[in-house]
Structures are given as C-alpha cells and as structure tokens.
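[1] after the sequence you'll find the predicted model.
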Amino acid sequence: MNGAHDLGGMMGFGPVDAEPGEPVFHADWESRVLAVTLAMGALGEWSIDVARQARESQPPAQYLISSYYQIWLAGLEKLMAARGLASAGELASGWAGGPARPTKHPPLAAANVAKAMTAGSPYERPAPAPVRFKRGDKVMTKNINPTGHTRLPRYLRHHEGEIIAVHGAHVFPDSNAAGKGEDPQWLYTVKFAASELWGPDADPRDSVTADLWEPYLESA
Amino acid sequence: MIGIHDMGGIMGFGPVDPEAGEAVFRSWWEAHAFALSQVASRAPSIDAFRHVAEHRSLAAYLAMPYYGKWLDELEKGLLASGAITGEELAAGRSASGRVANARAIPPDKAIASCFARHSYERPAPASARFTVGDKVMTKTINPTGHTRLARYLRHHAGEIIAVHGTHVFPDSNAAGKGEDPQWLYTVKFAAREL
C-alpha cells in the first residue's frame, strides 16, 4: 500500500539530525517493545511480512508522529487484538485476563533466546521456476498499485533499470503478507539512474539500487 | 515539492466522512482566520501562499485543520514582514495601537474582495503547442518548489481534451520569478495508465 511509510521522494521533513553516540534504545520501554515483538513473533502466529503490513497500515497522521518503536508497538497491539491473543481490556490494563489460547509454537524459553537470535530467519527457498533475468538485462518495473503490502516503493514503479545481481529465490512478501503462502520468487538487485527516477535535475552520477522480486519486473 | 499535501495515491487515511449540512466555518476562529487572510496576507501571490502552506513538516500538516494552516501561514507572513512582533502575536494586541505598514481595507471593499473572482488568464506569449486530441506525456520532474503537476501524474501518457488559454504559471510565480504565463490544458489519463 502507498502508506506514510513509503517515504521515497517525499520532501519537507527537514534535516536529518545524526545523534552522536546514539544509544541502541532511547528509553527502557523501547528495549521491551523489541523483546516482546520478537517473543510474540516466535509464537509463529504471523510472518515478518504480516508484521510489517500491520505497522505500515496506520493512518498517515498517526504514523508520522510516532517514533520507531511506537510504530512497532502499535503494529504488535493491532496483530494481538486481531488474532485474539489479547483483548482491548488486557492491553489497557497490561495484565492477562485469563489463560492464553494455544499458539502455533510454544513460547520461546529464556534459555533458547540467544540461540534463536543468532540463528536468524533465512528467507531463501528452492526456486519454483527458472530464472527469467540475468545481470545486465534491462528491465521495466510494473505500474502497480496494490492495497496490500509490497516491497516495490512508489518512486520505483514504471521505471527502467538494469539487473546488477541475482540473489536466488526468496519468500515473496506481497503474497506472504496477504496470507497466500510464501510463494517464493527470484530476487534481483536493480539499478536505476537518478535521472530516470527524478528527471533532469538529478545528479547524472547518482543511481539508486533496490532488491526487487521478479513479479515486479518486465523486460524493457 | 512532493509534500504530504500531494496526496494523490496515498492510502490509509480511512473513510471520508461527509458531514450532513456542513457549516462553512466550524467555529468563529475559522471565519476570523479566513477574513484576516483576505485583508492582511503579506504573501506576494496565491502561489507563494500555497507553497508556504505545503512547506511544513508532514506530521504538522496532517494534524492541522484547514484554517489552522491558513492562520499559521498568515502569522508567519506578518512576523516575517515586520508587520507584527512575536510579543504582539502572543498578547493578541498591537503594542503601539497601530500596525506597521498598514494598508487598511474598508469592510465593504474587503467583502467585495472575498467574492471577487480573480482571473489568472493573461495574453499568450506564444502560440499553443497542443490541440484537443493530441497525445502528451507528462515530464519526469522533481521540483523542490511549488508545482501543480502532482506526483501521481508524472511520467504518464494522457490526451488533451481542452485548451484554456494562457494563465499565470504557478511554478514560476511561487518562486518569485514573475507570472510567466503558459498555455493551460485539461489532460485526461486512463486510470490504468496511472
């Protein structure tokens, strides 16, 4: 969806203030939001793509006044409520009102957290079809306007680029977020000239590269 | 500029709630903001006024009501031009009892001005390039200043369906580069093209 998260090309935010010696967390509650989000993710009730869609689909005015971990928390609360894992009353009080319903995976035990974190979550999958493009191919991104989650941002739609890397087949976020399964697709790095995206005012030396899935691309 | 005002294509705002019997002004301050803008604006042109309105932090733009933006801009213009001071703005009263550089407009003229239709049509500087039925392509441009070419209409094919004469070009006028009149067209785009 074209939500407030799809910031590429938007102006008016003012300067980026780089904070010297920036801490990982600006407040204790932020570290708790990260931990609770990962713990809830370990229950297997939703994928990372579903979680991203929940964060992105907040109303733009709310999204833009929220800090990074406020957005994470709002997305998590939305998912917990939608999946029956917490009632509105429980979220308001901060306490469980009764026993939790069974989840797909059991809660992650404290002793297994470090192992789970270092293992990571690979999203590469066996290729379902032969690769369509190779390095050097000219491609055109599709002119699409999905209301669901997508990793093709607005400013890269309907533009010509060049394949500069082929990464194997990976979980396709657009399908996965919609609950349509992992639907693995070939993933490429595509390079776009800045002038192709932004017109003659762009610096001719600049380019943008993005990792894009095959369903976003056509031969140019 | 691509500010949050350039909303074409942005999703997630939720439903539009049309208000039955919607009032012209929801509260008295909105009417005052409108009236003050008519008589006291220091913006050099409507295009410069629009650019200031757009050029605001995205979150603040979305949080402000319509006339909140008008009032905010009026205040900024009056402060920048030295017509009022920050202390006067906070107090709501003129410190000296008079306004610097005032060009007072009598009430009858102010009312007439509110209802006057200002024309932005100007003599043509050159002959029209397109005619009805011509296929055109909007340019890929990315101006940081004011523009009336919305983001979602850039780099797309359309068809000229009306020619309106030459009008003040907002992109130039907002930048203080003069009226720079240009031919104005109505262009039709298939939704599938966008």
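    Everything's here; your move. Numbers count the residues shown, from 1 in each chain, chains lettered A, B, ... in the order given.
[2] quick one: low-confidence residue ranges for chain B.
    Where chain B drops to pLDDT under 70, the residues are B:41-43, B:53, B:55-56, B:99-104.
[3] just the strands from it, written as ranges.
    B:121-122, B:135-137, B:157-167, B:182-188 (DSSP state E).
[4] distance of residue B:158 relative to residue A:110?
    61 Å (CB to CB, to the nearest Å). Where C-beta positions appear, they are placed from N, C-alpha and C, glycine not excepted.
[5] what parts of chain B come near chain A?
    Taking CB under 8 Å from any CB of the partner chain as the contact definition, chain B meets chain A at B:1-4, B:9-14, B:54-59, B:61-63, B:139-144, B:151, B:155-156, B:193-194.
[6] in ChimeraX, how would I select the buried members of these?
    To isolate the buried members of the residues of chain B next to chain A in ChimeraX, using 16 or more other CB atoms under 10 Å in any protein chain shown:
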select /B:1,2,3,4,10,11,12,54,55,56,58,59,61,62,140,142,151,155,156
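[7] coming back round to it: out of residue B:158 and residue A:110, which sits in the busier spot?
    Neighbour count, other CB atoms under 10 Å in any protein chain shown: between residue B:158 and residue A:110, residue B:158 has more, with 19 against 8.
[8] quick one: residues contacting that one.
    Applying CB atoms under 8 Å, 6 or more residues apart in numbering or on different chains to residue B:158 gives the contacts B:135-138, B:187-189, B:193.
[9] gap between it and chain A?
    As judged by CB to the nearest CB, to the nearest Å, residue B:158 and chain A stand 14 Å apart.
[10] quick check: bridge partners of that residue?
    residue B:136 (DSSP bridges).
[11] what does the one 4 residues further on give?
    Here residue B:162 sits in beta bridges with residue B:186, as judged by DSSP bridges.
[12] contacting residues around it?
    The neighbours of residue B:162, taking CB under 8 Å, 6+ apart as the test, are B:132, B:185-186.
[13] and the spatially closest residue to residue A:14 that is not a sequence neighbour, how close does it get to residue B:152?
    Spatially, and ignoring its direct neighbours in sequence, residue A:14 is nearest to residue B:57 (6.5 Å; CB to CB, 6 or more residues apart in numbering or on different chains). Distance of residue B:57 to residue B:152, computed by CB to CB: 22 Å.
[14] over to residue B:92?
    Here residue B:92 is placed at a distance of 42 Å from residue B:152 (CB to CB).
[15] of the two, which one has the most company?
    More neighbours surround residue B:152 than the other of residue B:92 and residue B:152, with 17 against 6 (other CB under 10 Å).
[16] ok, the more buried one - contacts?
    So residue B:152 contacts B:6, B:8-9, B:194 (CB under 8 Å, 6+ apart).
[17] what's the local residue count around residue 7?
    By default, I'm working from chain A. Close neighbours of residue A:7, defined as other CB under 10 Å, add up to 14.
[18] my question was about chain B, not that one.
    A count of nearby residues for residue B:7, using other CB under 10 Å, gives 15.
[19] follow-up on the earlier one: show me which of the contacts of residue B:158 are buried.
    Buried among those by 16+ other CB under 10 Å: residue B:187.
[20] and the contacts of residue B:158, which two are furthest apart?
    Spanning the widest gap among those are B:137 and B:188, at 13.4 Å by CB to CB.
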